[in-house]
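# Sequence plus predicted model, see below.
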Amino acid sequence: MFLAAAPAAETPPHTGGLLLLIDGTAGLLTVAGLGIALLLFLIIKVRLQPFVALLAVSIAVGLAAGLSVTELFGTVQKSDAVSLIESGMGGILGHVAIIIGLGTMLGAILEVSGGAEALSARLLTLFGERRAPLAMGLTGLIFGIPVFFDVGIFVLAPIVYAAAKRSGKSILLYCMPLLAGLSMTHAFLPPHPGPVAAAGLLDVDLGWVILMGVVCGIPAVLAAWAYAAWIGHRVFVPVPQDMLEAAEEAKAAVIAEQRANRAAADKAATGKGSAGTGSAGKGAADKSGAGGAGSDGAGEQAGSGAMEAPVPVGMVLAIIGTPLLLILCATFSSIAFDPSTGRSVVEFFGHPFVALTIALLLAYYLLGLRRGWSRKSLETVSTASLKPVGNILLVVGAGGVFGAVLKGSGVAQALADAFDSAGLPVIVLAWLISLVLRVAQGSATVAIVTTAGIVSPLLADGDYSQAHLALVIMAISAGSIFASHVNDGGFWMVAKYFGISERDTLKSWTVLESVLSVVGFVMAALLSLVI
């Protein structure tokens with residue numbers, strides 16, 4: 001920790017910058033307040049990209065708190081000087097980037113293979129028409145674990161349209177439970193960026209984050225489902241016809257393309273006469289494509305045909321559950337068993353990097369190669385899924401820089417002393433800070449990484465267990481989803497994708513997010529009293 005041997009806040013480690021005008025703790029608190037205000041101004045008013053805003057504010061705060069250029073950026077020549085910007089960026093991304101990358105690719109394979117549709121269809125069959133909203137909620141909850149929130153909406157929205165059209169009821173009755181499940185997993189559970197970033201910044205084992213995420217998140221999503229049922233029966237929103245027609249047209253186009261590909265494959269196989277007759281040639285081509293040993297084109301054609309067959313739901317659940325189970329086993333083995341070879345093996349396979357890699361390889365084989373995908377198709381889907389991750393990683397990395405500058409300059413310790421004197425528990429402060437940042441600027445990721453950097457020194461000197469630190473992360477994550485409104489991209493995505501007016505979106509989605517936030521925080525706060 002940068003502040004392991006820091007002096008009291010009354011004797012700050014730096015005296016330059018703004019501290020020349022206002023010295024001591026008052027000057028450091030002024031720097032912190034101005035830095036946060038500048039961050040919000042740049043994001044909200046100037047509309048500056050959050051990565052650039054966080055980086056610029058980090059530099060401004062460091063200079064205002066008296067950090068030297070060498071401390072901020074290092075030196076041109078090799079020396080022992082450590083750059084806070086480089087160490088802050090590298091320290092967090094070294095842990096987070098791999099997890100987010102693997103989780104994103106896993107979600108993409110599950111999405112493209114039809115795993116989400118298969119899961120939803122099975123749940124609708126099991127629960128029946130009357131309990132279709134519950135089936136939608138469980139779909140969002142389960143499928144939300146490996147995929148990003150916006151991807152989940154894109155994949156599952158057509159199922160919501162169909163269910164609402166069939167029943168003739170308000171689309172809110174079906175989309176809100178789905179959104180609650182997607183939002184809960186996105187906020188509380190790895191491998192999503194928010195909880196993973198907070199775990200990296202506060203040095204918390206992901207197994208504890210998963211466990212506390214489930215314990216706090218399940219009651220929160222149950223409360224959100226109850227509100228979704230209440231608002232869905234009181235506000236009628238029809239199915240958006242343009243979206244419904246677009247979904248049906250896209251499905252028809254995919255089916256037509258698959259049929260054309262199969263016809264072309266049959267014609268090519270017959271023309272080559274690879275087995276002497278047209279029917280034998282077709283069988284040989286099918287066998288080659290299914291085994292993945294043929295050309296990429298044949299593999300893709302076979303894959304398009306295989307994708308028409310439903311994905312086994314048990315297979316989807318096994319792939320999603322594998323990394324979670326492995327990580328949890330590793331966490332508990334470190335507590336329950338003494339160091340041994342067996343414990344080392346469990347901890348190896350339960351490391352997030354290894355567990356997610358195993359799950360991804362399982363998805364590649366079971367949902368890809370085994371169902372006729374070519375290796376080129378797997379590579380294409382995986383590579384395409386990583387394109388939107390760059391922005392997330394840069395924002396998380398810049399949040400790490402902000403936290404490192406706060407610690408290295410002494411600003412974080414001054415904030416810690418000020419918050420400590422307020423007399424509120426750390427877990428309450430974490431939720432309130434995250435909530436304010438979320439409502440002010442809209443981004444949950446920015447709220448999480450900024451709050452984690454602020455509260456980190458509050459936890460540094462305390463004898464907190466990993467379980468308690470995980471509960472603090474739950475409080476931060478809960479605050480980061482409070483009251484999604486017009487400055488949040490998710491608000492407009494929900495409104496436009498499901499054809500909901502702005503007023504009704506505030507009544508439904510905004511309140512739904514607030515319910516998730518408050519109940520999740522209450523669960524974390526109550527558990528913190530006994531853990």
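The structure has been received and is ready for your questions. Computed from a prediction, not measured in an experiment: that's the story for all the values here.
# show me the contacts for Leu469.
Going by C-beta atoms under 8 Å, 6 or more residues apart in numbering, Leu469 touches 202-204, 208, 459. In this view, the C-beta of every residue, glycine as well, is placed from N, C-alpha and C.
# Any figure for the gap between Leu526 and Pro425?
From Leu526 across to Pro425, the span is 12 Å (C-beta to C-beta, to the nearest Å).
# swap that for Pro352, sorry
Taken as C-beta to C-beta, the span from Pro352 to Pro425 is 29 Å.
# Please say which of those two ends up with more neighbours.
Taking neighbours as other C-beta atoms under 10 Å, Pro352 and Pro425 compare with Pro352 leading, 25 against 14.
# where's that one relative to Lys387, distance?
On the measure of C-beta to C-beta, Pro352 and Lys387 end up 22 Å apart.
# Same question for Ala121.
Counting by C-beta to C-beta, the gap from Ala121 to Lys387 is 29 Å.
# so where's the stretch 201-350 of the chain shaky on pLDDT?
Residues of the stretch 201-350 of the chain meeting the criterion pLDDT under 70: 242-258, 261-262, 271-308.
# again with the chain
Across the chain, residues meeting the criterion (pLDDT under 70) sit at 1-13, 15, 76-81, 242-258, 261-262, 271-308, 416, 420.
# Pick out the residue closest to the middle of it.
Using C-alpha atoms, centre = their mean, the residue of the chain that lies closest to the mean C-alpha position is His192, 2.3 Å off.
# host element of the residue nearest to that one when sequence neighbours are not counted?
Excluding the flanking residues, the one nearest His192 by C-beta to C-beta, 6 or more residues apart in numbering is His186, at 5.0 Å. In the assignment (DSSP states H and E), His186 maps to helix 172-188.
# Val436 too?
Assigned by DSSP H and E, Val436 belongs to helix 426-441.
# who's in contact with that helix?
Contacts for helix 426-441 (C-beta under 8 Å, 6+ apart): 36, 39-40, 43-44, 50, 419, 422, 424, 444, 446-448, 450-451, 454-455, 458-459, 462, 471-472, 475-483, 485, 487, 517, 521, 524-525, 528.
# next SSE after that helix?
helix 444-460.
# So which other helices or strands are in contact with that following helix?
Here helix 444-460 touches helix 24-44, helix 50-64, helix 193-202, helix 389-409, helix 411-422, helix 426-441, helix 466-479, going by 3 or more C-beta pairs under 8 Å, 6 or more residues apart in numbering; DSSP states H and E.
# Give me the distance between the next helix or strand after the shortest one and the centre of its chain.
It refers to helix 193-202. Using DSSP H and E, the helix or strand that directly follows helix 193-202 along the chain is helix 206-232. The chain centroid and the centroid of helix 206-232 are separated by 15 Å under C-alpha atoms, centre = their mean, to the nearest Å.
# What of stretch 477-484?
On C-alpha atoms, centre = their mean, the centre of stretch 477-484 falls 13 Å from that of its chain.
# Ends of that stretch, what's the gap?
End-to-end span of stretch 477-484 (C-alpha to C-alpha, to the nearest Å): 13 Å.
# buried stuff in that stretch?
Across stretch 477-484, burial judged by 16 or more other C-beta atoms under 10 Å covers 477-482, 484.
# Identify the residues contacting Ala495.
Counted by C-beta under 8 Å, 6+ apart, Ala495 has contacts 501-502, 505, 509.
# what's the angle from the helix or strand harbouring it to helix 172-188?
In this assignment (DSSP H and E), Ala495 forms part of helix 489-497. Calculated by axes from the mean of the first three to the mean of the last three C-alpha atoms, to 10 degrees, helix 489-497 forms an angle of 160 degrees with helix 172-188.
# returning to that earlier point: who's more crowded, Ala121 and Lys387?
Neighbour count, other C-beta under 10 Å: between Ala121 and Lys387, Ala121 has more, with 17 against 9.
# pretty sure that one is touching Pro312, no?
No. Applying C-beta atoms under 8 Å, one finds Ala121 not in contact with Pro312, separated by 11.8 Å.
# still on that earlier bit, just the buried residues from the contacts of helix 426-441, in ChimeraX please.
Buried subset of the contacts of helix 426-441, written as a ChimeraX selection, criterion 16+ other C-beta under 10 Å:
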select :36,39,40,43,50,419,444,446,447,448,450,451,454,455,458,459,471,472,475,476,477,478,479,480,481,482,485,517,521,524,525,528
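# could you pull out the helices for the stretch 1-150 of the chain?
Taking DSSP state H, counting those that start in this stretch as the test, the helices found in the stretch 1-150 of the chain are 24-44, 50-64, 69-73, 84-112, 115-127, 132-143, 149-167.
# make that the stretch 201-350 of the chain, sorry
Assigned by DSSP H, counting those that start in this stretch, the helices in the stretch 201-350 of the chain fall at 206-232, 241-272, 278-291, 296-306, 313-336, 341-350.
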